[in-house]
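Novice: Return atomic coordinates for the entry below.
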Amino acid sequence: SRYGPQMPLAVECTSELIHCKVLDSSGRLKSYELILSYGLVLVKFVNLIMERKQKIVSIPLRQLAREVDIPVWVVDLRHELTHGKLPQLALCCKGCDVVLDWLRKMYWNHQLGNNLCEEDEDDEEEQEVVEANAELYSDAWE
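Specialist: Have a look, this model is predicted:
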């Protein structure tokens with residue numbers, strides 16, 4: 001409320017992603033409607049995060065994603081949502097989870113301060129999950 005209409009991007013994206021998760025768990029929306037809801041928020045997140053990283057010369061989104069530690073498959077998901085046919089709901093849900101986790105690590109943990117939040121203890125296990133998700137992503141498009 002301190003920011004008025006200029007809410008921080010991370011706060012706005014977190015709010016919208018959580019809203020999608022709540023709608024999903026309510027059972028009130030059809031699969032197609034959930035895909036559109038998740039998709040809109042994921043597209044908005046990637047576009048706004050990457051827009052802030054762009055320089056005078058346009059840099060590919062995949063390169064920018066690597067620089068800010070966003071999985072490239074999330075950028076590919078955004079591309080499909082924007083220019084291709086709609087992906088499966090499971091893939092959109094997974095994208096939402098990955099983006100929420102990224103926001104937690106990159107924004108919310110910093111807001112809470114290092115002494116108030118737990119760091120991820122098992123980065124190797126997390127990397128395996130990311131790689132498995134990348135395989136899921138590849139399989140979903142095939």
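Novice: going forward, measure contacts between C-alpha atoms and count neighbours the same way
Specialist: Noted.
Novice: Can you give me the neighbour number for the closest residue to residue 89 other than its chain neighbours?
Specialist: Leaving out its chain neighbours, the residue that sits closest to residue 89 by C-alpha to C-alpha, 6 or more residues apart in numbering is residue 35, at 5.4 Å. Counted with other C-alpha atoms under 10 Å, the neighbours of residue 35 add up to 22.
Novice: what do you get for residue 36?
Specialist: 17.
Novice: And it, how far from residue 47?
Specialist: 16 Å (C-alpha to C-alpha, to the nearest Å).
Novice: re the thing from before, what helix or strand is the residue nearest to residue 89 on?
Specialist: Element membership for residue 35, per DSSP states H and E: helix 31-53.
Novice: Centroid-nearest residue for the chain?
Specialist: residue 99 (2.6 Å; C-alpha atoms, centre = their mean).
Novice: Which parts of the protein are strands?
Specialist: With DSSP state E as the definition, the chain shows no strands.
Novice: so where's the chain uncertain?
Specialist: 1-4, 55-57, 114-142 (pLDDT under 70).
Novice: switch the cut-off to 50
Specialist: Applying pLDDT under 50 to the chain picks out residues 115-124, 130, 134, 136-142.
Novice: show me what contacts the residue nearest to residue 89?
Specialist: 86-89, 92 (C-alpha atoms under 8 Å, 6 or more residues apart in numbering).
Novice: Considering these, which is situated nearest to residue 66?
Specialist: Residue 66 lies nearest to residue 92 out of the contacts of residue 35, by C-alpha to C-alpha, at 19.9 Å.
Novice: Report the separation between the closest residue to that closest one other than its chain neighbours and residue 13.
Specialist: Closest residue to residue 92 apart from its sequence neighbours, by C-alpha to C-alpha, 6+ apart: residue 38 at 6.0 Å. Going from residue 38 to residue 13 by C-alpha to C-alpha gives 11 Å.
Novice: And residue 39, by the same measure?
Specialist: Residue 39 sits 12 Å away from residue 13, going by C-alpha to C-alpha.
Novice: quick one, which of the two is more surrounded?
Specialist: residue 39 (26 against 22).
Novice: quick one: the helices in the protein?
Specialist: In the chain, the helices defined using DSSP state H lie at 9-26, 31-53, 61-67, 72-83, 89-103, 109-112, 123-141.
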